Structures are given as C-alpha cells and as structure tokens.
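Asks: what's the 3D shape of this:
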Amino acid sequence: MFVHYYDAENVGLAGLDKIALTLQDRMFVFSRVATLAHTGVHPSIVCFREYPLGPDQADFYIIGHLASLLAHASPAERKVLKCVLHSRDRALCQAFQFQCELAGVSGSTLVSTDDAEKSITEQVEAKQKALPVANTGAKPASAEQDLGQKMLKLLDAPKTFAELTKALKLNAKDVNPCFAKLAKAGVIKRQSQSKKHWVKA
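Replies: Okay, here's the model as predicted:
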C-alpha cells in the first residue's frame, strides 16, 4: 500500500494526474488553493487546506500527519506500508525519511518533472557537485557539533523529540539532521521503557 504526501505548495498541482493510484493507496495533498477541480474525485485523494499561513506551515502539517499515521499503524501494516513524499524541499525530505526510518517503514522522496520521476537525493547530490564547497549552504561543522553537544546535555534525562526541539528553541527541520546522525552513530538511543523517549547512550 502506497501513501503519497503531495507538497503542492512546493511542486505545484500539475503533476497530480501523473501519479497512478489504486483503491488501496492514499494521496494526501497539501495546498491552500487546491480544489476538486485540481484533485478530481478519486476516492484515494484527500486534500488538506486548513492550516495557518506562513513559512513552512504545510511542511509542519505534513510531518505531523505522517507521525500520527505511523503511530496508529499496526506492526503488520507497517510491513506493507510505503510512504512517498512529492517535494523539492530538502529539509522536509530529510525529516520525512527520518520519521519513516524511526517507524521502520519504507519511505522515499520523489519530485515530478516533465520527463520522469527523479529521486530528490539524486537532485541534491547533483547540485552539490556543481557548486563550490563554500556555497553548498551546509551547516558549519562547529555549529553542528555545538548543536549535538546541546542535545546530549539535554538527553541526560529522557525526552521525546518534540520536547527536545522545544528545549532547543528550534524547528524540527533544523534539529532532524543532527539528531539523525547521533541516532545512527548510536550516541543516543530510545529509552527501553518508552519508545517515544530518547536518552544519551
């Protein structure tokens, strides 16, 4: 079963009709301007328009909806669930894939183009190769190390990801990359009593 998250504010609505859906699949479209004229009457498509105006509001809604869906999915459902994000927003793609990894669900990020569906990862790598290292926009190592140290200090006591971002006074999108690296390296881990809480390993 495929669950598509379509970031229409980022990629527009033109690519919707290029995505093949079965009756078992779901497509969640996030756009404040989408109507039935854009999404059609396909029973698998649900359009979300009621979210606040402002930068990244659709992104927050997408990640929040994904987290809720994954939390309510049974172990059997997670085995067959494939989540797909349609967006060019690199930070959103990283957060999306991270949430899927945490839940043990297959997740991928695609962006519709005129000729094919390309992996967002491939696009990012291509752009990085074309640009000088100084202009990639990557966070300086010292800044990332500083953020990592702050996380480790806060995780002396168990915290959920939401509690951690609140304590850091940062957006989830800014915290996710560093958090993912710490988790992958085994520096932080889930608390044995609660999978929602994280602690320093």
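Asks: For this structure, give me the ranges with low pLDDT.
Replies: 34-41, 111-142 (pLDDT under 70).
Asks: where do the strands sit along it?
Replies: 2-7, 26-30, 45-48, 82-86, 106-112, 117-119, 159-160, 188-191, 194-200 (DSSP state E).
Asks: Tell me which stretches of this structure form helices.
Replies: 8-11, 36-39, 57-72, 75-80, 90-103, 120-130, 141-154, 161-168, 172-184 (DSSP state H).
Asks: Of all those, which one is nearest residue 1?
Replies: Taking C-beta to C-beta as the criterion, helix 75-80 is the member of these that comes nearest to residue 1, at 5.6 Å. For the C-beta atoms, the positions are set from N, CA and C on the backbone; glycine is no exception.
Asks: So what's the gap between the closest one and the chain middle?
Replies: Here helix 75-80 is found 19 Å from its chain centre; the criterion is C-alpha atoms, centre = their mean, to the nearest Å.
Asks: for stretch 176-187, same thing?
Replies: Its chain's C-alpha centre lies 15 Å from the corresponding centre of stretch 176-187 when counted by C-alpha atoms, centre = their mean.
Asks: follow-up on the earlier one: which one of the helices of the chain lies nearest to residue 200?
Replies: Taking C-beta to C-beta as the criterion, residue 200 comes closest to helix 141-154 out of the helices of the chain, the separation being 5.3 Å.
Asks: got a list of contacts for the closest one?
Replies: Applying C-beta atoms under 8 Å, 6 or more residues apart in numbering, the external contacts of helix 141-154 come out as 164, 167-168, 175, 177-179, 181-182, 187-188, 200.
Asks: now the angle from that helix to helix 172-184?
Replies: Compare the direction of helix 141-154 with that of helix 172-184 by axes from the mean of the first three to the mean of the last three C-alpha atoms, to 10 degrees and you get 80 degrees.
Asks: Pull the CA coordinates from helix 141-154 and hand them back as CSV.
Replies: Included here for helix 141-154 are C-alpha records, laid out as CSV according to Å, rounded to 0.1, in the frame of the first residue of the first chain:
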residue,chain,number,x,y,z
ALA,A,141,30.9,21.6,11.4
SER,A,142,31.4,23.7,14.5
ALA,A,143,27.8,24.7,14.6
GLU,A,144,26.6,21.2,14.1
GLN,A,145,28.9,19.9,16.9
ASP,A,146,27.6,22.6,19.2
LEU,A,147,24.0,21.6,18.5
GLY,A,148,25.0,17.9,19.1
GLN,A,149,26.6,18.8,22.4
LYS,A,150,23.4,20.7,23.5
MET,A,151,21.3,17.7,22.5
LEU,A,152,23.5,15.3,24.5
LYS,A,153,23.3,17.5,27.6
LEU,A,154,19.5,17.7,27.4
